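Chemist: Turn this into a model:
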Amino acid sequence: MNYSLLEKIQTPVQLRQLSERDLPRLAQELRHFLIETLSRTGGHFASNLGVVELTIALHYVFNTPADRLVWDVGHQSYPHKILTGRREKMSTLRQYQGISGFPKRTESPYDTFGVGHSSTSISAALGMAMANRQLGSNRKVVAIIGDGAMTAGMAFEALNHAGDTNANLLVILNDNEMSISPNVGGLSNYLARLLSSQLYTSVREGSKHLLRRIPPVHELARRTEEYMKGMVAPGTLFEELGFNYIGPIDGHDLPLLLTTLHNMKVLEGPQFLHVITQRVKVLHMLKLIPVLIMALVRLIGKPVKWQSQIRLSQLIPKSLAIGCVIWRRKING
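Modeler: Numbers count the residues shown, from 1 in each chain. Below is the predicted model of the structure:
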């Protein structure tokens, strides 16, 4: 494939010089480059293909590395590495004296936190946000965490702490299990744009300031807003923890991601963006070898081609069925 756009990008500075209409093409090139690279080196496959558009949008909207992106676990950071000056080193991924498979602070100033273990991103990002407040800095801090890592107690402890401190922090939940996919549609996407807009925020904050003088009415308005959000979005829990919840939105819709991130970038206090991504857009061959989906093994000397799509939820039962057949044959001799 011709990587005409990708080859121009040595840092996110060049990325931010592109027009928004070029970004879908860049996402296509980046996804193909990932497939071609991982077919030779091996590495985490599905998690990285799922965050291509999100990674592009984050580096496009935020002024990295001054603004901080904190990736949870870090196994989904390959697109981030490619866009931050390490594209030519991807052939050394997870090899001796090569680049790490996870964010590594000594490797790049864009890697803000050394990780490899899950559920630490929100705590780390909160510490950075509180330090910014002490220093009087306007630097933005974003934590990107997956739905699996979100289930850990450490993540919820950090959410609870962040809501209490009222720090300027954006937490992005990368939900790739499609558990609430019915909510991803025109209504949900429209509400995300509306609820993150400056007009809505201004009216909301002005009303809060006015209604605080009348406590019963203020509480009624707060609960009404919470219930209305809860009817169309599963964010009540995060609202109760002190976050302004937006979403869920389609994590592969670049215009929507850009609009929402631009809107949320200027909001004060703890913000929570719920993004739905397709964990994997996989190769035709992985229908035959589904267990390769999570961590693609090296395909010696043969770069693979992009051919089709299949969901992880379809792969798991197929993998189990194939495993049962193989095991039965072994038992029966």
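Chemist: Helices of the protein, residue ranges please.
Modeler: Using DSSP state H, the helices of the chain run over 12-15, 23-41, 46-49, 52-61, 78-81, 121-135, 153-165, 186-195, 198-211, 215-232, 236-240, 254-265, 312-332.
Chemist: Now do the first one: which elements does it pack against?
Modeler: Looking back up the chat, that one is helix 12-15. In terms of contacts (3 or more CB pairs under 8 Å, 6 or more residues apart in numbering; DSSP states H and E), helix 12-15 is packed against helix 52-61. (Each C-beta comes from the backbone N, C-alpha and C, glycine too.)
Chemist: Could I get the CA-only coordinates of the helix it packs on as PDB?
Modeler: Taking only C-alpha atoms (Å, rounded to 0.1, in the frame of the first residue of the first chain), the coordinates of helix 52-61 have been written out as PDB:
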ATOM      1  CA  VAL A  52      -6.600   3.900  15.200                       C
ATOM      2  CA  GLU A  53      -9.200   6.600  14.800                       C
ATOM      3  CA  LEU A  54      -9.200   7.500  18.500                       C
ATOM      4  CA  THR A  55      -5.400   7.800  18.600                       C
ATOM      5  CA  ILE A  56      -5.400  10.100  15.500                       C
ATOM      6  CA  ALA A  57      -8.200  12.200  17.000                       C
ATOM      7  CA  LEU A  58      -6.400  12.600  20.400                       C
ATOM      8  CA  HIS A  59      -3.100  13.700  18.800                       C
ATOM      9  CA  TYR A  60      -4.900  16.000  16.400                       C
ATOM     10  CA  VAL A  61      -7.000  17.800  19.100                       C
END
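Chemist: So which residues lie in contact with it, not counting its own?
Modeler: By CB atoms under 8 Å, 6 or more residues apart in numbering, the surrounding residues in contact with helix 52-61 are 12, 15-16, 18, 20, 23, 26-27, 30-31, 34, 64, 69, 79-80, 83-84, 142, 144, 172, 174, 251-254, 257-258, 261-262, 265, 275, 277.
Chemist: Now list the buried members of these.
Modeler: 12, 15, 18, 23, 26-27, 30-31, 34, 64, 69, 79-80, 83-84, 142, 144, 172, 174, 251-254, 257-258, 261, 265, 275, 277 (16 or more other CB atoms under 10 Å).
Chemist: ok so, going back, in terms of mean pLDDT, which of the helices of the chain ranks lowest?
Modeler: Ranked on mean pLDDT, the bottom entry among those is helix 186-195, at a mean of 50.
Chemist: so who does residue 68 touch?
Modeler: Here residue 68 is in contact with 112, 125, 128, 139, 140, 141, 142 (CB under 8 Å, 6+ apart).
Chemist: Assess the claim that the fourth one and residue 66 are in contact.
Modeler: In this case it means residue 139. Yes. Judged on CB atoms under 8 Å, residue 139 makes contact with residue 66 at a distance of 5.9 Å.
Chemist: These two: who's more crowded?
Modeler: Ranked by neighbour count (other CB atoms under 10 Å), residue 139 and residue 66 place residue 139 first, with 16 against 11.
Chemist: Skipping its backbone neighbours, what lies nearest the more buried one in space?
Modeler: residue 132 (5.1 Å; CB to CB, 6 or more residues apart in numbering).
Chemist: Just to check, the one you found is in contact with residue 141?
Modeler: Yes. Residue 132 is in contact with residue 141 according to CB under 8 Å; the separation is 6.8 Å.
Chemist: neighbour count winner among the two?
Modeler: Between residue 132 and residue 141, residue 141 has the larger neighbour count (other CB under 10 Å), namely 25 against 18.
Chemist: So in terms of bridging, what pairs with that one?
Modeler: For residue 141, the beta-bridge partners under DSSP bridges are residue 68.
Chemist: Same check on the one 4 residues further on?
Modeler: On the basis of DSSP bridges, residue 145 takes part in beta bridges with residue 173.
Chemist: Can you get me a residue count around it?
Modeler: With neighbours defined by other CB under 10 Å, the count for residue 145 comes to 26.
Chemist: What of residue 28?
Modeler: 16.
Chemist: repeat for the one 10 residues further on
Modeler: Burial measure for residue 38: 24 neighbouring residues, criterion other CB under 10 Å.
Chemist: So it sits against residue 49, correct?
Modeler: No. With contact defined as CB under 8 Å, residue 38 does not reach residue 49; the gap is 9.1 Å.
Chemist: Contact partners for residue 155?
Modeler: Counting by CB under 8 Å, 6+ apart, residue 155 touches 119, 121, 122, 145, 149.
Chemist: right, and the third one touches residue 163 too?
Modeler: No. Under the criterion of CB under 8 Å, residue 122 lies out of contact with residue 163, with a separation of 11.0 Å.
Chemist: Against residue 170, how distant is residue 145?
Modeler: 11 Å (CB to CB, to the nearest Å).
Chemist: again, but for residue 24
Modeler: Taken as CB to CB, the span from residue 24 to residue 170 is 24 Å.
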